[in-house]
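*Asks:* Just to be clear, the model below is a prediction. Sequence and coordinates:
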Amino acid sequence: MSKSKTRIKASFNGPYIVEGRAPIQETSIEKDPITQNWTYKQNHLLKTEGKTTKLCRCGHSSTMPFCDESHICQHFDGTCTAPHKPFAQDAQAVEGPNFTLLDNEMYCAFGRFCDAFGRVWNLVRQGKKETDQLAIKETLSCPGGRLMIIDNQTGEIIEEPAQPQIKILQDAALNCMGPIYAKGGIEIIDDQEKPYEIRARQALCRCGKSHNKPFCDGSHALDTGEKETPNNSGLPKSST
């Protein structure tokens, strides 16, 4: 996937430096009161000034989502530990009649969209028009990009065209802040100035607790007592 003009750099033990003019929007993960399925609620756009924006990644800023230098007094260790490997290298494949799901559990951001209309790993195996459409919908809603889906007929990855955008996720159901959802091919740079693979959907840690920095691994949900990585129904769980 080609990269956008927007970049997000994880500074050394400091904030994310956003370069470019991608809109930054407060967005919440909520449960639809009628269908009881997970959905995104788009809230207000955040006002930014200048060519760069500093977003907190230590989890302690009093001006969230912006950095207020709290990482200094918190002695924040922001060392980027995520490997510079292609997504597909460690992904497990779930093959269905019409589509193949790629699942790299390392990038699970605990969005729970994979369970929204029935477990995506089960849906893709059924091969029906309705379940195929739901499998695609759930996959493309995954903020961390843990899931990708391939059309078996064309061999191409299905992805919605999207302009670069940054969503500051709030998890209303868990009453906690979620990750930074970087969508539309935004380039992510680690704290050693090394770029990661360009991906359409990526979730960046902003609680400071991820073991896969700069990417979210769902650690923000641990304090709520709700974190349990969605299992892939039949595949062995990853050790990550």
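*Replies:* Cool, the structure landed. Numbering: from 1, shown residues only.
*Asks:* Okay, domains of the protein per the record?
*Replies:* 7-82+161-216, 87-158 (automatic domain parsing).
*Asks:* chain center to the last one, what's the gap?
*Replies:* In this case it means domain 87-158. Relative to the mean C-alpha coordinate of its chain, domain 87-158 is positioned 14 Å out (CA atoms, centre = their mean, to the nearest Å).
*Asks:* The first one now?
*Replies:* With CA atoms, centre = their mean as the basis, the distance from the averaged C-alpha position of domain 7-82+161-216 to the chain average is 9 Å.
*Asks:* show me where the protein has helices.
*Replies:* Remark: helices assigned in the chain by DSSP state H are 70-73, 120-126, 129-141.
*Asks:* List every C-alpha atom in the shortest one, with coordinates, as CSV.
*Replies:* In this case it means helix 70-73. Extracted as CSV, the C-alpha positions of helix 70-73 are listed here (Å, rounded to 0.1, in the frame of the first residue of the first chain):
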residue,chain,number,x,y,z
SER,A,70,4.1,14.3,31.6
HIS,A,71,6.3,11.6,30.2
ILE,A,72,9.3,13.4,31.7
CYS,A,73,8.2,13.2,35.4
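*Asks:* pLDDT on it, on average?
*Replies:* Helix 70-73 comes out with an average pLDDT of 98.
*Asks:* Summarise which helices and strands that helix is packed against.
*Replies:* Helices and strands touching helix 70-73, by 3 or more CB pairs under 8 Å, 6 or more residues apart in numbering; DSSP states H and E: there are none. For glycine as for every other residue, the C-beta is placed from the backbone atoms N, C-alpha and C.
*Asks:* List the buried residues of that helix.
*Replies:* Going by neighbour count (16 or more other CB atoms under 10 Å), the buried part of helix 70-73 is Ser70, His71.
*Asks:* same deal with the longest one?
*Replies:* Residues of helix 129-141 classed as buried by neighbour count (16+ other CB under 10 Å): Thr131, Asp132, Leu134, Ala135, Ile136, Glu138, Thr139, Leu140, Ser141.
*Asks:* Once you drop chain neighbours, what's closest to the second one?
*Replies:* Put plainly, it is Asp132. Asn98 (5.5 Å; CB to CB, 6 or more residues apart in numbering).
*Asks:* quick one: low-confidence parts of the protein?
*Replies:* Applying pLDDT under 70 to the chain flags residues 1-3, 34-36, 224-240.
*Asks:* Contact partners for the spatially most central residue of the chain?
*Replies:* Nearest to the mean C-alpha position of the chain, counting by CA atoms, centre = their mean, stands Gly144 at 2.1 Å. When contacts are counted by CB atoms under 8 Å, 6 or more residues apart in numbering, Gly144 is found next to Tyr107, Cys108, Ala109, Gly111, Pro179, Arg201, Gln202, Ala203, Phe215, Cys216.
*Asks:* Leu102 now?
*Replies:* Phe87, Ala88, Ala91, Gln92, Ala93, Val94, Leu147, Met148, Ile149, Ile150.
*Asks:* Make a PyMOL selection of whichever of these turn out to be buried.
*Replies:* The buried residues among those can be selected in PyMOL (16+ other CB under 10 Å) with this line:
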select buried, resi 87+91+94+147+148+149+150
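*Asks:* which ones among the contacts of Leu102 are found in strands?
*Replies:* Residues of those located in strands (DSSP state E): Gln92, Ala93, Val94, Leu147, Met148, Ile149, Ile150.
*Asks:* Verify the stated contact: the first one with Asp103.
*Replies:* I take that to be Gln92. Yes: between Gln92 and Asp103 there is a contact under CB atoms under 8 Å: 5.0 Å.
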